[in-house]
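> Compute the structure for the input listed below.
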Amino acid sequence: MSTRVEAGELPAEAAFTGGRAIDYVPGIVLLLGVGLLGKYAQIWWNSLARHQHWTVPDIEYVLWAIVIGLLITNTVGLHPIFRPGVLTYQFWLKVGIVALGSRFVLGDIAKLGALSLVQILVDMVVAGTIIILAARAFGLSGKLGSLLAIGTSICGVSAIVAAKGAIRARNADVGYAIAAILALGAVGLFTLPPLGHAIGLTDHEFGLWAGLAVDNTAETTATGYLYSEHAGKIAVLVKSTRNALIGFVVLGFAVYWAARGEADGIAPGVKARAAFVWNKFPKFVLGFLAVSAIATAGWLSRGQSANLANVSKWAFLLTFAGVGLTTDIRQIARTGWRPLVVAIIGLTVVASVSLGIVLLTSRVFHWGVSL
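Numbers count the residues shown, from 1 in each chain. Here you go, the predicted structure:
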């Protein structure tokens, strides 16, 4: 009997922690198989279109891999033997992002990172405030509202998991928040690229928008690459800047709930709070910056840069397959309508505000358009 992946158990921080190496093999092979099937589906589709003289869009392997994974999980289900390996897709995502650092020079990162930080802070304050107010209006608990605000404004599932212990949230609230964020990721993945084309966004503008508007890093990466390779690179860079704020945001919510006597207090002093932020900080962002610094210094040969680019592509291939294989639509639907409605409000607000910020900064102020 097949068992589907539970939405509340999806965070892959547990990947490669414990268990035998052989336990991961079936799931990783499945990720590779789905990813390659998506790649060959793209080739087949384009070949068929040319042979039949059809005028059709080039459907990227990213979408094929995700759809194939979705079909498997939401029809026959994901057998438990595949689960450990499939949940490593977040690890491959981080490998891909670190390797992608070879495609950026530190000057571009500094320039776009500074711009992104301003955009993110505005987006975060507006979206977080509206989500918390919407959560209250729909009668959700204060901590569930906090988790939804943290997940939507910063980094999806990873931020929710990071906040769980810090604000002493209930497992039920965490499960609801994760399911809602996963649903948002799926919606953003399939709606933002067509909207971007309809609006006429450049690759650079869409990459900024995807990096600001989509919650989970995996879905952000997939959304960007669905638009174009350049959009995908920009989306990853913006999202990495967003991820770097996890510790500060979680710290703020932890202090708030501790002051109300509903979370463990944080030791006073700059060192204690710095240690808290460092503990929550996504370390793969440092790997991305380190590889970029090496590339900027000219210490990589052309062949080595090409090899890192291939590592990034193969890692993302596994990642996109994992996005589809870990999205159980029926499990998400069973979590109830109120958290989903609040999350949808959050997605709409974040997408609208971030699009306005992108258009204002790129077309009115012309910030960062040369990257």
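
> all contacts plus neighbour counts: C-alpha atoms, from now on.
OK.

> And the strands in the stretch 1-150 of the chain?
Taking DSSP state E, counting those that start in this stretch as the criterion, the stretch 1-150 of the chain carries no strands.

> Just give the nearest non-adjacent residue to residue 89, would you?
residue 319 (4.7 Å; CA to CA, 6 or more residues apart in numbering).

> my guess is the one you found meets residue 219, correct?
No - when contacts are counted by CA atoms under 8 Å, residue 319 is not listed as touching residue 219 (9.3 Å).

> so where's the stretch 251-371 of the chain shaky on pLDDT?
Residue ranges of the stretch 251-371 of the chain with pLDDT under 70: 368-371.

> follow-up on the earlier one: residue 319 and residue 219: which is more packed in?
Using other CA atoms under 10 Å as the criterion, residue 319 and residue 219 rank with residue 319 on top: 33 against 26.

> any idea how far the more buried one is from residue 245?
23 Å (CA to CA, to the nearest Å).

> got it, and residue 272?
From residue 272 over to residue 245 the distance is 17 Å, taken as CA to CA.

> more neighbours, the two?
residue 245 (21 against 12).

> for the record, mean pLDDT for stretch 159-176?
Averaging pLDDT along stretch 159-176 yields 88.

> residue ranges for the helices of the stretch 1-150 of the chain, please.
Assigned by DSSP state H, counting those that start in this stretch, the helices in the stretch 1-150 of the chain fall at 21-52, 61-74, 83-86, 89-100, 106-137, 142-150.

> Work out the gap between stretch 96-113 and the centre of the chain.
Centroid separation for stretch 96-113 versus its chain: 17 Å, with CA atoms, centre = their mean, to the nearest Å.

> how about the helices of the stretch 1-150 of the chain in a markdown table, adding distance to residue 343?
Below are the helices of the stretch 1-150 of the chain laid out as a markdown table (distance: least, CA to CA, whole Å):
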| stretch | distance to residue 343 |
| --- | --- |
| helix 21-52 | 29 |
| helix 61-74 | 21 |
| helix 83-86 | 26 |
| helix 89-100 | 22 |
| helix 106-137 | 7 |
| helix 142-150 | 7 |
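
> Please tabulate these in a markdown table, including the columns distance to residue 261, mean pLDDT and mean neighbour count.
Shown next, in a markdown table, are the helices of the stretch 1-150 of the chain (distance: least, CA to CA, whole Å; pLDDT from 0 to 100; neighbours: other CA atoms under 10 Å):
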| stretch | distance to residue 261 | mean pLDDT | mean neighbour count |
| --- | --- | --- | --- |
| helix 21-52 | 42 | 94 | 17 |
| helix 61-74 | 41 | 93 | 22 |
| helix 83-86 | 37 | 95 | 25 |
| helix 89-100 | 34 | 95 | 24 |
| helix 106-137 | 19 | 87 | 18 |
| helix 142-150 | 13 | 92 | 26 |
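
> closest one to residue 171 among those helices?
helix 142-150 (10.2 Å; CA to CA).

> so what does that closest one touch, helix or strand wise?
On a contact count with 3 or more CA pairs under 8 Å, 6 or more residues apart in numbering; DSSP states H and E, helix 142-150 meets helix 106-137, helix 156-166, helix 171-199, helix 246-259.

> The same query, at a cut-off of 6 Å, please.
helix 106-137 (3 or more CA pairs under 6 Å, 6 or more residues apart in numbering; DSSP states H and E).

> The helix it packs on versus helix 142-150: what angle between them?
Following axes from the mean of the first three to the mean of the last three CA atoms, to 10 degrees, one obtains 150 degrees for the angle between helix 106-137 and helix 142-150.

> What backbone torsions are found at the one residue sitting closest to the centre of the chain?
For the chain, the residue sitting closest to the mean C-alpha position, by CA atoms, centre = their mean, is residue 217 at 1.7 Å. With angles defined as degrees, to the nearest 10, residue 217 sits at phi -60, psi -40.
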